[in-house]
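Colleague: Could you look at this predicted model? Sequence included:
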Amino acid sequence: MSQQGATLQAYNNELVKCIEDLKRKREELHAQILAEEEEKLAVQNDLHILTERLNRITESLTRKQATRTEYDRTIAETEGAYFKILESSQSLLQVLKRDSVALQESGDNSS
(Lines give C-alpha, C1' and ligand atoms only; values in the text may rest on other atoms or scores of the structure.)
Protein backbone atom coordinates (compact mmCIF):
# COMPACT_ATOMS: atom_id res chain seq x y z
CA MET A 1 0.00 0.00 0.00
CA SER A 2 2.83 2.37 0.70
CA GLN A 3 4.08 1.74 -2.86
CA GLN A 4 0.72 2.92 -4.23
CA GLY A 5 0.76 5.95 -1.95
CA ALA A 6 4.24 6.89 -3.16
CA THR A 7 3.15 6.51 -6.79
CA LEU A 8 0.05 8.59 -6.15
CA GLN A 9 2.18 11.24 -4.43
CA ALA A 10 4.56 11.29 -7.44
CA TYR A 11 1.60 11.75 -9.83
CA ASN A 12 0.22 14.48 -7.62
CA ASN A 13 3.57 16.30 -7.55
CA GLU A 14 3.90 16.02 -11.34
CA LEU A 15 0.33 17.24 -11.83
CA VAL A 16 0.92 20.27 -9.57
CA LYS A 17 4.16 20.99 -11.46
CA CYS A 18 2.34 20.82 -14.83
CA ILE A 19 -0.43 23.11 -13.58
CA GLU A 20 2.13 25.62 -12.30
CA ASP A 21 4.00 25.41 -15.62
CA LEU A 22 0.75 26.10 -17.52
CA LYS A 23 0.00 29.06 -15.25
CA ARG A 24 3.49 30.46 -15.84
CA LYS A 25 3.10 30.08 -19.61
CA ARG A 26 -0.32 31.73 -19.41
CA GLU A 27 1.14 34.70 -17.52
CA GLU A 28 3.93 35.04 -20.10
CA LEU A 29 1.35 34.94 -22.89
CA HIS A 30 -0.81 37.46 -21.04
CA ALA A 31 2.18 39.83 -20.75
CA GLN A 32 2.84 39.42 -24.50
CA ILE A 33 -0.82 40.14 -25.26
CA LEU A 34 -0.73 43.32 -23.15
CA ALA A 35 2.48 44.46 -24.86
CA GLU A 36 1.05 43.80 -28.32
CA GLU A 37 -2.23 45.56 -27.48
CA GLU A 38 -0.22 48.58 -26.35
CA GLU A 39 1.85 48.44 -29.54
CA LYS A 40 -1.35 48.11 -31.59
CA LEU A 41 -2.77 51.26 -29.99
CA ALA A 42 0.46 53.14 -30.69
CA VAL A 43 0.44 52.00 -34.33
CA GLN A 44 -3.24 52.95 -34.69
CA ASN A 45 -2.46 56.38 -33.27
CA ASP A 46 0.50 56.77 -35.64
CA LEU A 47 -1.70 55.65 -38.53
CA HIS A 48 -4.34 58.21 -37.59
CA ILE A 49 -1.71 60.97 -37.42
CA LEU A 50 -0.17 59.89 -40.74
CA THR A 51 -3.59 59.66 -42.41
CA GLU A 52 -4.42 63.21 -41.32
CA ARG A 53 -1.01 64.38 -42.53
CA LEU A 54 -1.52 62.60 -45.87
CA ASN A 55 -4.93 64.28 -46.25
CA ARG A 56 -3.46 67.73 -45.54
CA ILE A 57 -0.62 67.16 -48.02
CA THR A 58 -3.04 65.87 -50.65
CA GLU A 59 -5.28 68.92 -50.23
CA SER A 60 -2.27 71.24 -50.41
CA LEU A 61 -1.02 69.52 -53.56
CA THR A 62 -4.45 69.78 -55.16
CA ARG A 63 -4.61 73.53 -54.45
CA LYS A 64 -1.05 74.10 -55.67
CA GLN A 65 -1.61 72.07 -58.84
CA ALA A 66 -4.75 74.11 -59.59
CA THR A 67 -2.77 77.31 -59.06
CA ARG A 68 0.00 76.03 -61.32
CA THR A 69 -2.59 75.30 -64.00
CA GLU A 70 -3.82 78.89 -63.69
CA TYR A 71 -0.21 80.13 -64.03
CA ASP A 72 0.19 77.99 -67.16
CA ARG A 73 -3.05 79.38 -68.63
CA THR A 74 -2.11 82.98 -67.82
CA ILE A 75 1.39 82.55 -69.25
CA ALA A 76 0.03 80.98 -72.44
CA GLU A 77 -2.53 83.78 -72.90
CA THR A 78 0.05 86.48 -72.17
CA GLU A 79 2.60 84.96 -74.53
CA GLY A 80 -0.07 84.67 -77.23
CA ALA A 81 -1.02 88.32 -76.80
CA TYR A 82 2.66 89.33 -76.73
CA PHE A 83 3.35 87.51 -80.00
CA LYS A 84 0.34 89.25 -81.57
CA ILE A 85 1.77 92.58 -80.40
CA LEU A 86 5.13 91.66 -81.93
CA GLU A 87 3.46 90.71 -85.22
CA SER A 88 1.50 93.97 -85.20
CA SER A 89 4.65 95.94 -84.40
CA GLN A 90 6.48 94.23 -87.24
CA SER A 91 3.59 94.98 -89.63
CA LEU A 92 3.45 98.58 -88.43
CA LEU A 93 7.20 98.95 -88.91
CA GLN A 94 6.97 97.55 -92.44
CA VAL A 95 4.11 99.95 -93.28
CA LEU A 96 6.03 102.85 -91.74
CA LYS A 97 9.17 102.02 -93.73
CA ARG A 98 7.18 101.63 -96.94
CA ASP A 99 5.35 104.92 -96.36
CA SER A 100 8.60 106.64 -95.41
CA VAL A 101 10.25 105.46 -98.60
CA ALA A 102 7.18 106.52 -100.58
CA LEU A 103 7.19 109.95 -98.91
CA GLN A 104 10.88 110.32 -99.49
CA GLU A 105 10.52 109.40 -103.15
CA SER A 106 7.59 111.74 -103.49
CA GLY A 107 9.63 114.52 -101.83
CA ASP A 108 12.56 113.85 -104.10
CA ASN A 109 10.33 113.97 -107.16
CA SER A 110 8.85 117.32 -106.03
CA SER A 111 12.16 119.06 -105.89
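Modeller: Looks like it arrived, so ask away.
Colleague: got the residue ranges for the helices in the chain?
Modeller: Using DSSP state H, the helices of the chain run over residues 2-110.
Colleague: which stretches of the protein have low pLDDT?
Modeller: Across the chain, the ranges flagged by pLDDT under 70 are 1, 110-111.
Colleague: Kindly recompute the last result at 90.
Modeller: Flagging of the chain using pLDDT under 90 yields the residue ranges 1-6, 99-111.
Colleague: neighbours around residue 32, how many?
Modeller: 10 (other Cβ atoms under 10 Å). (Glycine included, C-beta is placed from N, CA and C.)
Colleague: can you pull the contacts of it?
Modeller: Under the criterion of Cβ atoms under 8 Å, 6 or more residues apart in numbering, residue 32 has no neighbours.
Colleague: Next, work out how far apart it and residue 45 are.
Modeller: For residue 32, the distance to residue 45 (Cβ to Cβ, to the nearest Å) stands at 20 Å.
Colleague: for residue 18, same thing?
Modeller: From residue 18 to residue 45 the distance is 41 Å (Cβ to Cβ).
Colleague: same question, residue 97
Modeller: Taking Cβ to Cβ, one finds residue 97 at 77 Å from residue 45.
Colleague: and if you look at residue 89?
Modeller: 65 Å.
Colleague: again with residue 69
Modeller: According to Cβ to Cβ, residue 69 stands 37 Å off from residue 45.
Colleague: cool, residue 103 as well?
Modeller: Taking Cβ to Cβ, one finds residue 103 at 85 Å from residue 45.
Colleague: before we move on, what about residue 11?
Modeller: According to Cβ to Cβ, residue 11 stands 51 Å off from residue 45.
Colleague: Check residue 77 too.
Modeller: For residue 77 relative to residue 45 (Cβ to Cβ), the value is 49 Å.
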